[in-house]
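Participant: 3D, please:
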Amino acid sequence: MDCIFCKISNGQAPASFVYEDEYVFGIMSLDQPNPYKVLVIPRVHIENIYDLSESEAARIFQVTVKVARAIREASGCDGLNLVQSNGRAGQQEVFHFHLHLIPRFLGDDIFLKWQYTQIERDELNRMAEEIHSKARDWKYS
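Facilitator: The predicted model follows:
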């Protein structure tokens, strides 16, 4: 497998680590739209969010919260974006799950400009019910 995140996890490629344990690691992103951007990544190769187990997702997010707090302390940022992409249509470029933590500063004007389209409440309710009906199990285990 030619996965850069697997190579980093196995010590075969360099990275600037901000956090690591046996399941998850956090590294400085090579792409820095704002200073202190970090990627949080599971050590095992998991392609996308759909393939995460609930326990893997919980561990990743527990680490994400710790790293986010440390980024805030280190950078003095005013806010933070979490960005996570899945599949080519979702603009995923490295097909190993990873979560971008992007510090934000008032007036930085970096990306995340979305087109907002208001939808009627009935349609929102219909979509919500459809999503709810497709869930296998809403209980946390």
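Participant: Wait, residue 35 touches residue 103, no?
Facilitator: Yes - taking CB atoms under 8 Å as the definition, residue 35 is a contact partner of residue 103 at 6.9 Å. Where you see a C-beta, it was placed from the backbone N, CA and C, and this is true even at glycine.
Participant: what residue is smack in the middle of this structure?
Facilitator: residue 99 (2.0 Å; CA atoms, centre = their mean).
Participant: Spit out the residues that contact residue 35 and residue 103 alike.
Facilitator: By the contact definition CB atoms under 8 Å, 6 or more residues apart in numbering, residue 35 and residue 103 are jointly contacted by residue 75.
Participant: Give me the more crowded residue out of the two.
Facilitator: Counted by other CB atoms under 10 Å, residue 35 and residue 103 do not tie: residue 103 has more neighbours, with 23 against 12.
Participant: Going along the chain, name the helices of the chain.
Facilitator: For the chain, helices defined by DSSP state H occupy the ranges 4-9, 54-75, 121-134.
Participant: Nearest to residue 83 among the ones you listed would be which one?
Facilitator: Closest to residue 83 of these is helix 54-75 (CB to CB; 11.6 Å).
Participant: Which neighbouring elements make contact with that closest one?
Facilitator: strand 17-20, strand 24-28, strand 38-42, strand 79-83, strand 99-104 (3 or more CB pairs under 8 Å, 6 or more residues apart in numbering; DSSP states H and E).
Participant: Export those to CSV and append columns for mean pLDDT and distance to residue 1.
Facilitator: Shown next, in CSV, are the helices and strands packed on helix 54-75 (pLDDT from 0 to 100; distance: least, CB to CB, whole Å):
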stretch, mean pLDDT, distance to residue 1
strand 17-20, 90, 20
strand 24-28, 92, 17
strand 38-42, 95, 14
strand 79-83, 94, 24
strand 99-104, 92, 20
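Participant: just the ones you listed: most buried one?
Facilitator: strand 38-42 (a mean of 24; mean count of other CB atoms under 10 Å).
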